[in-house]
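# What follows is a predicted protein model with its sequence.
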Amino acid sequence: MKLPRTAAAATLLLSSTTIATNNPLTPDKLEADIKTEELQNVLWNLNHIALTNGGNRAYGEPGFKASLDFVLERVQTRFGDHFDTVVQPFNHTYDKTLQIKVTGPEGEDVFVVSPLYNPATPLPGGITAQLVDTPVDDERGSGCFPEQWEGIEVTGKLALVKRGACAVAIKSTLAKERGALGVILYDEEPGTNIIVPTLGAENIGLLVPIGIIPLEVGTSWKARLAAGEEVTVSLLVDAVSETRETWNVIAETKQGDPNKVVMLGAHLDSVQKGAGINDDGSGTAALLEIMTAVRRYDSFPNKIRFAWWGAEESGLVGSLYYTSHLTEAEADRIKYYFNYDMIGSPQPDFSIASNANSGVGPQLLEEYLVAQGKEVRHGGFGTGSDFVGFIELGIPSASLHTGAGAPYDACYHQACDDLDNVHWDALTVNAKAAARAAARLANSLEGVPPREKTSQNRRTRRGVVQSFRRWAAVAEEASQGHTCSHKGKKIRV
Ligand SMILES: *[C@@H]1O[C@H](CO)[C@@H](O)[C@H](O)[C@H]1NC(C)=O
Ligand SMILES: [Zn+2]
């Protein structure tokens, strides 16, 4: 049948109007919209950004700003009709080790890694001093308690300490209190694949310079000291430390009830050592693709809000800034928070973190993953990623991650966290699980418990002070224990 021209035009107009006003969001549709090629495209771009900006996308570096612009080009420039976007600025202490050098007793250069917020040694010469051994305690940690330093004469010397069990900053603080000039810390694991810890911006002024060397080197020096030999080594650290502004990007659907918000978060920054493609380009890409798909639908009752956090690697700084600045009313409107950090690890270990207040969220993620033949593990929340602030506010939350450190991701926090460091099937399946869970909660909050309010009343003066102390404690813990989703104890600190 051939319709008259005008009638055909009218039909076309009618049908397009119908589509535009009635294209309900469903888990099935959103799942189908997520494509491996598109996730690859995002990660290619993030990797390219790192390659053309000094090799990283870290807080305070041009690669982070370029990553931010990449997200904004989509949420604001291309899809601004569908999303309201806020760029939230905040300040933090930027830190970078410009140079670190450890010279051994024979004048040899030793492989060495610098922690974040490592204080500088005197320059240009550094510190050359006698090395003093400290006892190893793998159970409680070496150099973690004041009594472990008793009777050890480190004044004016360099202390040789084994890594592990407590934060590196604690070992450094105790060494400083004992008068040491610096610490030579040897790793717990053999080899040069040394995870970079952070000493925390809040500890500036309390620390001595540190060089982290391989276990093998530390053990050999320990043996020479035990044999009564005098071992003299040098440590040189050149570092910069200053306040720099950075940003969170928060974009939410125009569609949906502003009092019922389902939130998805991933961090946009990498560490300084690499491009951060699994950590957390993977979560960033999942959110971008879910957002890109969501714009096609116009019929769902609850808002979906996407957050790309800044300065996560510096201690969850962006997400803690966001959550600690929410009013009670604003916190009440966030009905659920999903965190996606490292969801494409090369040897994926599908782990869902939840607590008693997580409601249906973990189940939604698990159901889909199990249906795809994945083995799923469950655990509690640590302090490893951006869920911390939301849990502190009692907002029902769940998090998905696939493991940090070998064997899951041997390139964790390394330069090799690039395009070759992604398990594309795991990333795709996880992004689809995330899409389904978001679509389900955007349609219905059934199975979502109410926000767990604390007994503290922040409107009272005392409440405000308590709240401030609480957030300071949260920030400190996050900065100390932070390892991006890693569940093993060994490389937590
Ligand atoms: C960050 O610090 C700069 C310089 O001190 C200041 O002008 C700016 O207002 C600060 N931004 C925020 C969000 O606090
Ligand atoms: Zn991460």
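Good, I have the coordinates. Ligands and ions are numbered 1, 2, ... in the order given.

# For the protein, what lies in contact range of ligand 1?
Residues of the chain lying close to ligand 1 (Cβ under 6 Å from any ligand atom) are 89-91, 243, 245. No exception for glycine: its C-beta is placed from N, CA and C like everyone else's.

# And those, which two are furthest apart?
Comparing every pair within the residues of the chain next to ligand 1 by Cβ to Cβ identifies P89 and T243 as the most remote, at 12.2 Å.

# one step back: can you tell me which of the residues of the chain next to ligand 1 is nearest V360?
Distances from V360 to the residues of the chain next to ligand 1, taken by Cβ to Cβ, are shortest for F90, at 32.2 Å.

# what's the nearest residue to that closest one if we skip its chain neighbours?
Spatial nearest neighbour of F90, excluding adjacent residues (Cβ to Cβ, 6 or more residues apart in numbering): Y321 at 4.4 Å.

# Surely the one you found is in contact with N248?
Yes. Counting by Cβ atoms under 8 Å, Y321 touches N248, with 7.1 Å between them.

# Who has more neighbours out of those two?
Counted by other Cβ atoms under 10 Å, Y321 and N248 do not tie: N248 has more neighbours, with 25 against 22.

# Could you say which helix or strand holds I391?
Following DSSP states H and E, one finds I391 within helix 388-392.

# average pLDDT across that helix?
Average pLDDT, helix 388-392: 96.

# If you count neighbours, what's buried in the next helix-or-strand element following it?
Once the chain leaves helix 388-392, the next helix or strand it forms, by DSSP H and E, is strand 397-401. Buried positions in strand 397-401, judged by neighbour count with 16 or more other Cβ atoms under 10 Å: 397-401.

# residue boundaries of the strands in this protein?
With DSSP state E as the criterion, the chain has strands at 83-103, 109-110, 127-133, 158-162, 182-186, 210-213, 232-253, 257-267, 302-309, 334-340, 350-353, 376-379, 397-401.

# so where do the helices sit in this protein?
With DSSP state H applied, the chain shows helices at 5-21, 27-33, 36-51, 62-72, 168-177, 215-226, 282-294, 317-324, 328-333, 361-371, 388-392, 424-443, 461-481, listed in chain order.

# So for ligand 2, which of those sits nearest?
With distances scored as Cβ to the ion, the stretch of the helices of the chain nearest to ligand 2 is helix 282-294 (7.5 Å).

# Just the angle for the closest one relative to strand 302-309, thanks.
Orientation of helix 282-294 against strand 302-309 (axes from the mean of the first three to the mean of the last three Cα atoms, to 10 degrees) gives an angle of 150 degrees.

# so how far is helix 282-294 from its chain's centroid?
The chain centroid and the centroid of helix 282-294 are separated by 17 Å, computed with Cα atoms, centre = their mean, to the nearest Å.

# Stretch 296-312 too?
On the basis of Cα atoms, centre = their mean, stretch 296-312 sits 19 Å off its chain's mean C-alpha point.

# just the helices of the chain: most buried one?
helix 282-294 (a mean of 27; mean count of other Cβ atoms under 10 Å).

# Quick one: list the elements packing against it.
In this structure, helix 282-294 packs against helix 27-33, helix 36-51, helix 62-72, strand 257-267, strand 302-309, strand 334-340, helix 424-443, with contacts taken as 3 or more Cβ pairs under 8 Å, 6 or more residues apart in numbering; DSSP states H and E.

# CSV please, covering the ones you listed and showing mean pLDDT.
As requested, these are exported to CSV (pLDDT from 0 to 100):
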stretch, mean pLDDT
helix 27-33, 98
helix 36-51, 98
helix 62-72, 98
strand 257-267, 98
strand 302-309, 98
strand 334-340, 98
helix 424-443, 98
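
# Columns distance to I213 on top of these, output as a markdown table?
Shown next, in a markdown table, are the helices and strands packed on helix 282-294 (distance: least, Cβ to Cβ, whole Å):
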| stretch | distance to I213 |
| --- | --- |
| helix 27-33 | 48 |
| helix 36-51 | 27 |
| helix 62-72 | 28 |
| strand 257-267 | 29 |
| strand 302-309 | 32 |
| strand 334-340 | 34 |
| helix 424-443 | 34 |
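
# For these, give me a markdown table that also has distance to ligand 2.
Supplementary listing: the helices and strands packed on helix 282-294 in a markdown table, determined by distance: least, Cβ to the ion, whole Å:
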| stretch | distance to ligand 2 |
| --- | --- |
| helix 27-33 | 24 |
| helix 36-51 | 13 |
| helix 62-72 | 14 |
| strand 257-267 | 5 |
| strand 302-309 | 9 |
| strand 334-340 | 10 |
| helix 424-443 | 14 |
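
# So which of those is nearest C416?
helix 36-51 (11.7 Å).

# From L116, how far off is V196?
Using Cβ to Cβ, to the nearest Å, one obtains 7 Å as the distance from V196 to L116.

# Please identify which of these two sits among more neighbours.
Neighbour count, other Cβ under 10 Å: between V196 and L116, L116 has more, with 23 against 19.

# Not counting its neighbours along the chain, what's nearest R305?
Per Cβ to Cβ, 6+ apart, closest to R305 is E252, 3.9 Å.

# can I assume the one you found is in contact with F83?
Yes. With contacts counted by Cβ under 8 Å, E252 reaches F83, the gap being 6.4 Å.

# Spit out the residues that contact the two alike.
Residues touching both E252 and F83 by Cβ atoms under 8 Å, 6 or more residues apart in numbering: F306.

# S142 is in contact with Q148, correct?
Yes. The criterion here is Cβ under 8 Å, and Q148 meets it with S142 at 7.0 Å.

# neighbour count winner among those two?
Taking neighbours as other Cβ under 10 Å, Q148 and S142 compare with S142 leading, 23 against 19.

# So, low pLDDT: which residues of the stretch 151-300 of the chain?
For the stretch 151-300 of the chain, no stretch is flagged by pLDDT under 70.

# Mind doing that once more with 90?
193, 195-198, 200-202, 204 (pLDDT under 90).

# tell me which parts of it are close to ligand 2?
Taking Cβ under 5 Å from the ion as the measure of proximity, the stretch 151-300 of the chain contacts ligand 2 at 279-280.

# Any figure for the gap between the residue of the stretch 301-450 of the chain found nearest ligand 1 and G389?
Among the residues of the stretch 301-450 of the chain, Y321 lies nearest to ligand 1; the distance is 8.6 Å by Cβ to the nearest ligand atom. As judged by Cβ to Cβ, Y321 and G389 stand 8 Å apart.

# Over to T454?
Relative to G389, T454 is positioned 13 Å away (Cβ to Cβ).

# one step back: and the strands of the chain, which is most packed in?
Per residue and on average, the most neighbours among those fall to strand 397-401, with a mean of 29 (mean count of other Cβ under 10 Å).

# Sweet, I'm off.
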